[in-house]
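Novice: Okay, here's the prediction I keep looking at, along with the sequence it came from:
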Amino acid sequence: MLLQKTLSLEPTMKYIFYILLIYFLYRFIRFIIPLVRVGRQFKKQVDEMQQRMQEQMRQNSSSFQPDSPHPSAKAGNKSSPAGEYIDFEEVK
């Protein structure tokens, strides 16, 4: 009698184990899918950012011509106020 109960309990435990296994696999997959999507979206944004940076670098390098003077030198022969020395006297 005890042997029959043990044998009948075994297939039930087997089904419960399979059901739990399927449930945990389902939960794991539902956890992984959003992570994969976020990873792809993050990679796409980083690639777009790099592409914009490279395009901006190309535009900056094409607008700079080594033969032309620096943009600050185009202002003329005016001396900048930061370069002037002004002697202040003490007020008593």
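Specialist: On my side now, so go ahead.

Novice: got any ranges where the protein has weak pLDDT?
Specialist: For the chain, applying pLDDT under 70 flags the ranges 1-9, 64-82.

Novice: What segments of it are helices?
Specialist: Per DSSP state H, the chain carries helices over the ranges 2-63.

Novice: mind checking how far residue 15 is from residue 57?
Specialist: Separation of residue 15 from residue 57 (CB to CB, to the nearest Å) stands at 63 Å. Any C-beta I mention is one placed from the backbone N, CA and C, and that applies to glycine too.

Novice: Over to residue 92?
Specialist: Applying CB to CB to residue 92 and residue 57 gives a distance of 57 Å.

Novice: Have a look at those two and say which one is more surrounded.
Specialist: residue 57 (10 against 3; other CB atoms under 10 Å).

Novice: Return the residues in contact with that one.
Specialist: Under the criterion of CB atoms under 8 Å, 6 or more residues apart in numbering, residue 57 has no neighbours.

Novice: so how far is residue 14 from residue 35?
Specialist: From residue 35 to residue 14 the distance is 32 Å (CB to CB).

Novice: what do you get for residue 41?
Specialist: As judged by CB to CB, residue 41 and residue 14 stand 41 Å apart.

Novice: Could you do residue 50 as well?
Specialist: According to CB to CB, residue 50 and residue 14 sit 53 Å apart.
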